[in-house]
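Q: Next comes the sequence, and after it the predicted model I'd like to discuss.
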Amino acid sequence: MIKTIKTRRSIRRFKKVPVSDDAVSHAIEAGIWAPSGMNNQPWRFAVIKDTETKAWLADLTQYGSTLKSAGALIAVFMDNASSYDRTKDLQAIGACIQNMLLAIHSIGLGGLWLGEILKNRDTVEKLLGAPDDYELMAIVAMGEPCMCPKPPKRKQLSDMVFLYK
């Protein structure tokens, strides 16, 4: 698991090859196993594989080329009707997305957590036909990576922990 965590990268360029439905299901299933307060499981998903919808979404972000080249996009929503504590539910959605990215990496594909598109949240929600209670949290792009970036530098543990009793 630690190797998977340390070798996962944000992939911004994908080969234009399809992603199987099994791979998409694998990512989503990993996401739904994330912890959530009171096990409310506030996440909901929309899967986008068709070229036309990817192109519409691409026009709503500066990372449009990434969305167009990805084999599949998974829009991650929070179901506000199932929410009991917004902060905890936002944390759960983050854990869900991280699980998805790790699962995508574990099967040899690449993924990207795209949050910049939230500036056009309302438009995306309408475009995808999201129910009124669903709030867009991110889009996860996935596909076969064109390349794997070098590991980013990380601060030392001693620089990050301010109290250890």
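A: Everything's here; your move. Residues are numbered from 1 along each chain as shown.
Q: can we go C-alpha only for contacts and neighbour counts from here?
A: Fine.
Q: Just checking: what are the partner strands of the longest strand belonging to the chain?
A: Selection of the longest strand in the chain by residue count, based on DSSP state E, yields strand 134-143. Pairing partners of strand 134-143, with direction, according to DSSP bridges: strand 72-79 (antiparallel), strand 110-114 (antiparallel).
Q: Can you add mean pLDDT and mean neighbour count and give those back as a markdown table?
A: Below are the strands paired with strand 134-143 laid out as a markdown table (pLDDT from 0 to 100; neighbours: other Cα atoms under 10 Å):
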| stretch | mean pLDDT | mean neighbour count |
| --- | --- | --- |
| strand 72-79 | 98 | 23 |
| strand 110-114 | 98 | 24 |
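Q: Would you convert those into a markdown table that also reports distance to residue 99?
A: Formatted as a markdown table, the strands paired with strand 134-143 follow (distance: least, Cα to Cα, whole Å):
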| stretch | distance to residue 99 |
| --- | --- |
| strand 72-79 | 12 |
| strand 110-114 | 11 |
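Q: hang on, the earlier thing: got a list of contacts for the longest strand of the chain?
A: 14-15, 17-19, 44, 66-67, 70-81, 93, 97, 101, 104, 109-115, 117-118, 121, 124-125 (Cα atoms under 8 Å, 6 or more residues apart in numbering).
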